[in-house]
Each structure stands twice: as C-alpha cells, then as structure tokens.
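**Q** how would this look folded up:
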Amino acid sequence: MQSDLERTRPSWHWRGALAAALACTVAAAQSNDLDALLLADTPPPPSVAASDWHWFAEMAAGQVHTLAGTHSNQRLSLDLQLDKSLAPGWRGVLANRLDLDWPAQRGTEHRINTLKEAYVGWQPTDAQALDLGRINARFGVATGYNPTDYFRTNSLRSLVSVDPNSLKKNRQGAFMLRGQTLWADGALTAVLSPRLARQPDSTPFALNEGATNASNRWLLAWSQRLSERLNPQWLLYGEERKPPQIGFNLAALASNATVVFMEWSGGRGHSQMSQAMGLTEDQRFLQRLSTGITYTTAQKLSFTLEYSSNSAAPDASQWSALQGGSPSAYALYRNWTQSAQELTTRTQYALYANWPDALVPHLDLSAMVRVNGADHSRLHWLEARYHWSQTDLALQWQSSRGTPRSDFGAAPRAWQINVRRYF
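**A** Here you go, the predicted model:
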C-alpha cells in the first residue's frame, strides 16, 4: 500500500531492480505496490498495528558551505500518508508534506507545503481500476535519471535531499484521470492530464497546478511478460503542441546477483537550450537513455553502475561556451534543467551503493557518486541511517568537485543530522 512507502527497507540491490521489471506488469492495476517496489529505499516499518494512515515528524540540523559563504540550517518536516477504503471498490488516497526551513529555501518564505497525492480510486473488478485526482505517476527502471518519467517536470517544490528516491517520492503529482487494466501476462495504463493553469504558484500552500498541469497531456503504457526473466514496457506520451514521444523500459535478471536495465525515450523536439532561452529552431529527433547494471554481494551490499545520455542537452563545446558566456543565460539554463530534472549536458556516469544492516543490525549505509561527462565535475552523497522500531537517526554528507560554473562544482558542500519519528 502507498501508506507503507516510508516504511520499506532501503534497497539498491538486485531485488529492487528486479521488482522494477516485474512492476511493469503488476503496476498497471496496483500502482501502490509499484511505488513500494520501485522506492524500496526508505526505513523499515515500525512494529505497529496496521492503519489507514501513517505520519512522521522529522527534525534536521546541519551546515551548508556555498560559494557565498557558510551558514547553518534547520528543518522540521511533517509527512502524512492516508489510504482509506471509502466503500466496497472505492478508496481515497492522500499524501502531503510540510517543510519548515531556516533559512528559507527560496526568498523569505520558510514554509513549503507539497500536496503529493489526493485522489479517489474505483476498482470495479480485480483486473480494472480508475483513479481521479492528483497522482504522482512515476515510470522507469533506472535508479537516477529516468527518461520515461514524463510527469517529473516542475514537480519539485521542496528539496530536502539529492537522493534520487527522495526526489521521486517527495514531489507533487499531476491532476489526472488514470485507467488501468490487467491480464494474465500484461497490463495497460491510460492517463489523461488536462491543462488547469499556465503559471506556477510558489505561495506556501498553493496547489500549484500551473506547474504540474500547464498543458494537456496523455500517456499510454503497455507491458507484456515475455518470459520469467523478461518483462518489457512500452510507452507513448503526448503533450499539446509537441510531437509524441516513445518510451521503453526493460530490466532483466541476469543471475541471482545481477540485474541489467535499460530505459529509453525518443521523439522529435527542440533542444534544451532553445527551450530554456525561448529560442526558435527546427525540431529534430532527440533521444534520452539510462542503462546499467546492479550487482549484490552475499553480504547484501549492492552496487549500481548507471550511464545516462541526452541528445537534447548541450555537447561539451556548447556547454563550455555557455559556462564562459552571459551569467544570466547560464542561470536561466540551469534553472530550466533543475525544474525539468534533465541532464545538464549530453552524458552522465553514476555509481550507487547500498548496504542494509551494514556492520551491525539496523544500520543502513547508502552512497552516490555522479560525474558529468563534459566537464568532469562530481557530486558525492553519503548517508548512514540507524533505525529503531519507530525512530530513525541519520547522518548525511554531500560534497562536490569542479569549477564554479561546472555542472556539480557549484553544488553546496553540506552535512546534516536528522531524527525521524513515526506515528
């Protein structure tokens, strides 16, 4: 169930990747199970009785080092998950997060509320479902960059971690109508997401439908199991005034300890530079890719090596020119890529590692390294998390290497300690 998302064990090992492959079939009718499988990187469930709702409070404090100087930061977060049966075949889902930051993440406003999900679901049969409302629809099998996660654009309101799983889960969904049907070896999902507003709303408690629903969009996702180890998914995505995009997801179990995966999206479109700058150019065929391998040792230590590319992003020479050019143009492009959650340049390499019950029981270690293929800047992230039955204690560290205008060179160096209490 979706209310269990915060309570599943961290995992970047082969079972998480294999679950992503299997989820291509089962997710179409049971999206909450897919969420739990794809995002199985959060702390384990406390020993409490089953409930329709769960919530936690998290307090964090640390220090941030930027090019402008060093400052302390504090945060209080309240996160609520509700999944309740309303009547036979009917359910209501609510997911909301409130972050209180000192200093403020943007401007002078310390409060940022993110309505992640709020929808009503109807399941007339075991193989069919219909959902209406705000839904955080996530697609893709890669760990970091997801080319087929078409609804991620402008979905982030509050950034609390660079952990890719945090970015996927702690975001606002889009308002949509979603229909799903399931058969023995396959599934079909159809999504309609209408335009509701043109401009985003940054006020603290806004629904912000201008960010998630700024245009009319639709999506079809079809999965069909070909064998016990092979379960691909095909996607077709459309947006008004833009050519349709084709997507493909595949994760396969190569051995009991190894999973290989590939995620691809392609179609005609404009370059990211032209979109960010509002320039006019001819459309051309562009494609995005994430592929890699996950290996897990007998001690449950898992490594994921991932390569990502994006032909819509600037190549090395274009990126170098932008770095040395107008500061306003550089800032405009960086803001666009961050909102769209796209690669800054053509290629990226990443290594993810996770070790549950590392060294001692209940201690989980996670790490991430990302390298930009054009300027070779790097981003590092580490987390050590110890969990009790209803409380987590975590220490997080982030560092970067590169020149001030490189992809990751301007990222802050920071550390943070946080305590999370489940209720």
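**Q** Going by C-alpha atoms from here, please, whenever you check contacts or count neighbours.
**A** Will do.
**Q** Give me the neighbour count for Pro327.
**A** Applying other C-alpha atoms under 10 Å, we find 12 residues neighbouring Pro327.
**Q** From Arg401, how far off is it?
**A** 20 Å (C-alpha to C-alpha, to the nearest Å).
**Q** now Ala60
**A** 25 Å.
**Q** Same question for Leu393.
**A** Remark: distance between Leu393 and Arg401 (C-alpha to C-alpha) = 28 Å.
**Q** And Leu343, by the same measure?
**A** Distance from Leu343 to Arg401, by C-alpha to C-alpha: 17 Å.
**Q** wait, is Ser339 part of a strand?
**A** No - according to DSSP: H, G, I helix; E, B strand; the rest coil, the state of Ser339 is helix, so it is not within a strand.
**Q** Excluding chain neighbours, what is closest to it?
**A** The spatially closest residue to Ser339, leaving aside those adjacent along the chain, is Asn154, at 4.9 Å (C-alpha to C-alpha, 6 or more residues apart in numbering).
**Q** what does Tyr422 give?
**A** Phe56 (4.3 Å).
**Q** residues in contact with that neighbour?
**A** Counting by C-alpha atoms under 8 Å, 6 or more residues apart in numbering, Phe56 touches Leu78, Asp79, Leu80, Arg420, Arg421, Tyr422, Phe423.
**Q** Now do the SS call for the fifth one.
**A** Okay, so that is Arg421. strand.
**Q** Tell me who's in contact with the residue nearest to it when sequence neighbours are not counted.
**A** Nearest residue to Arg421, sequence neighbours excluded (C-alpha to C-alpha, 6+ apart): Thr391, at 4.6 Å. Contact partners of Thr391, counting by C-alpha under 8 Å, 6+ apart, are Val419, Arg420, Arg421, Tyr422.
**Q** Same check on Pro412?
**A** Per C-alpha under 8 Å, 6+ apart, neighbours of Pro412: Val64, His65, Thr66, Leu67, Gln398, Ser399, Ser400.
**Q** ditto for Ala174
**A** Ala174 neighbours (C-alpha under 8 Å, 6+ apart): Gly133, Arg134, Ile135, Asn136, Ala137, Phe151, Ser155, Ser193, Glu209, Thr212, Asn213.
**Q** Considering these, which possesses the most neighbours?
**A** Thr212 (27 neighbours).
**Q** How much space separates that residue from Gly133?
**A** In terms of C-alpha to C-alpha, Thr212 sits 12 Å off from Gly133.
**Q** Can you pull the residues that touch both of these two?
**A** Going by C-alpha under 8 Å, 6+ apart, residues that sit against Thr212 and also against Gly133 are Ala174, Phe175.
**Q** quick check: longest strand of this protein.
**A** strand 69-87 (DSSP state E).
**Q** Please identify the buried residues of the helix or strand just after that one?
**A** Toward the C-terminus, strand 69-87 is succeeded by strand 90-102 as the next helix or strand (DSSP states H and E). Under the neighbour-count criterion of 16 or more other C-alpha atoms under 10 Å, strand 90-102 has Trp90, Arg91, Gly92, Val93, Leu94, Ala95, Asn96, Arg97, Leu98, Asp99, Leu100, Asp101 buried.
**Q** How about the contacts made by the last one?
**A** In this structure, Asp101 makes contact with Asn73, Gln74, Arg75, Leu76, His110, Arg111, judged by C-alpha under 8 Å, 6+ apart.
**Q** The stretch 51-200 of the chain: helices as residue ranges?
**A** 164-169 (DSSP state H, counting those that start in this stretch).
**Q** In the protein, which residue is most central in space?
**A** What sits nearest the mean C-alpha location of the chain, by C-alpha atoms, centre = their mean, is Lys168, with 2.1 Å.
**Q** any idea of the mean pLDDT in the strand or helix carrying Ala251?
**A** According to DSSP H and E, Ala251 maps onto strand 242-255. Here strand 242-255 scores 96 as its mean pLDDT.
**Q** Could you point out the helix or strand that follows it?
**A** strand 258-269.
**Q** What angle do strand 242-255 and that following strand make with each other?
**A** 170 degrees (axes from the mean of the first three to the mean of the last three C-alpha atoms, to 10 degrees).
**Q** Past strand 258-269, which element shows up next along the chain?
**A** helix 272-277.
**Q** which residues touch Ala331?
**A** No contacts exist for Ala331 under C-alpha under 8 Å, 6+ apart.
**Q** So it versus Ala414, what's the distance?
**A** For Ala331, the distance to Ala414 - C-alpha to C-alpha - is 22 Å.
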